[in-house]
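Colleague: sequence and predicted structure below; questions after.
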Amino acid sequence: MSSKRIHLIRHGETNWNKEKRIQGRSESTLTAEGKQQAAGLRVQLAGIEHVYCSSSVRTRETADILFEGSSATIEYSDELREIFLGSWEGALWPQMLLTFPEVAQAFWERPHEFKLAGAETFLDVQQRGVKKFLEIVTDSSTSDIAIISHGVLIKSILCYLEQRPLARLWEPPHLHNCAHSIVQISGDQLPRIVQYADILLADLEQTNG
């Protein structure tokens with residue numbers, strides 16, 4: 001396999017992010033700040049020709065801004081959508097922490113134990129995301145590829161590549177809105193994270209060292 005760089009980008013800030021409202025697969029739209037975040041990242045992605053994007057409105061809006069005026073081909077995929085949170089979607093996080101403290105705390109503190117009737121688990125999301133990630137790596141013939149997706153899905157892919165258990169999913173670095181992570185794939189070597197949420201690997205190792 002030839003050398004490839006996979007750019008994993010979380011969508012820009014949405015109205016529901018700002019309200020601390022649970023999004024999941026429900027639709028929300030970018031705020032003015034979210035649009036500025038995407039526009040600020042555009043130069044770093046110049047030249048990328050193949051883009052894979054979650055079919056959610058917020059990721060599509062982000063991709064449209066990131067690649068405005070470029071010749072990039074954008075493919076939309078339901079497999080790149082965020083974790084499905086069933087009846088919780090649209091509710092405010094503070095309210096869920098009060099109403100369902102054990103389950104809501106598990107989401108943030110013990111993601112490997114999170115279970116909600118009618119919703120996906122973190123393992124469900126990771127298996128779905130990693131499967132799509134590997135398909136993209138195999139199928140795309142370009143050397144630089146962008147994936148525009150969501151916080152949990154991107155975190156779960158990076159967690160898998162780090163061989164980190166899902167129990168440690170939420171450990172830093174934090175995946176802020178429009179966070180830009182890069183995975184390097186060289187020949188038959190294992191994929192290597194070279195940038196995590198805008199932090200270069202060398203800087204990250206120095207911080208953790």
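Modeller: Yep, that arrived.

Colleague: how deep is Gln44 tucked in, by neighbour count?
Modeller: When counting by other C-beta atoms under 10 Å, one arrives at 14 neighbours for Gln44. From N, CA and C alone the C-beta is placed, and that goes for glycine too.

Colleague: brain fart, Phe114
Modeller: When neighbours are defined as other C-beta under 10 Å, Phe114 has 22 of them.

Colleague: what sits against Lys4?
Modeller: Neighbouring residues of Lys4 by C-beta atoms under 8 Å, 6 or more residues apart in numbering: Val137, Ser140, Thr142, Ser143, Asp144, Ile145, Gln184, Ile185.

Colleague: top of these by neighbour count?
Modeller: Going by other C-beta under 10 Å, Ile145 tops those with 22 neighbours.

Colleague: and it, what are its phi and psi?
Modeller: phi -130, psi 140 (degrees, to the nearest 10).

Colleague: same question for Asp144.
Modeller: Backbone torsions for Asp144, taken as degrees, to the nearest 10, come to phi -120, psi 120.

Colleague: I'd say it and Arg5 touch.
Modeller: Yes - using C-beta atoms under 8 Å, Asp144 is in contact with Arg5, at 5.0 Å.

Colleague: what's the burial count for Glu171?
Modeller: Glu171 is flanked by 11 other residues according to other C-beta under 10 Å.

Colleague: confidence score at it?
Modeller: On pLDDT, Glu171 comes in at 96.

Colleague: nearest spatial neighbour of it, chain-adjacent residues omitted?
Modeller: Nearest residue to Glu171 in three dimensions, chain neighbours excluded: Arg164, at 7.5 Å (C-beta to C-beta, 6 or more residues apart in numbering).

Colleague: now do the SS call for the one you found.
Modeller: Counting by DSSP: H, G, I helix; E, B strand; the rest coil, the backbone at Arg164 sits in coil.

Colleague: from Ile193, how far out is it?
Modeller: 11 Å (C-beta to C-beta, to the nearest Å).

Colleague: who's more crowded, those two?
Modeller: Set side by side, Arg164 and Ile193 show more neighbours around Ile193, with 17 against 13, by other C-beta under 10 Å.

Colleague: surely the more buried one is in a strand?
Modeller: Yes - with three-state DSSP as the criterion, Ile193 is located in a strand.

Colleague: now the helix or strand hosting Leu98 - C-alpha only, CSV.
Modeller: Taking DSSP states H and E as the criterion, Leu98 maps to helix 93-99. Presented in CSV, the C-alpha positions along helix 93-99 are these (Å, rounded to 0.1, in the frame of the first residue of the first chain):
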residue,chain,number,x,y,z
TRP,A,93,-27.0,17.3,29.1
PRO,A,94,-27.4,18.9,32.6
GLN,A,95,-31.0,17.6,32.7
MET,A,96,-29.9,14.0,31.8
LEU,A,97,-27.2,14.1,34.5
LEU,A,98,-30.0,14.9,37.0
THR,A,99,-32.6,12.5,35.6
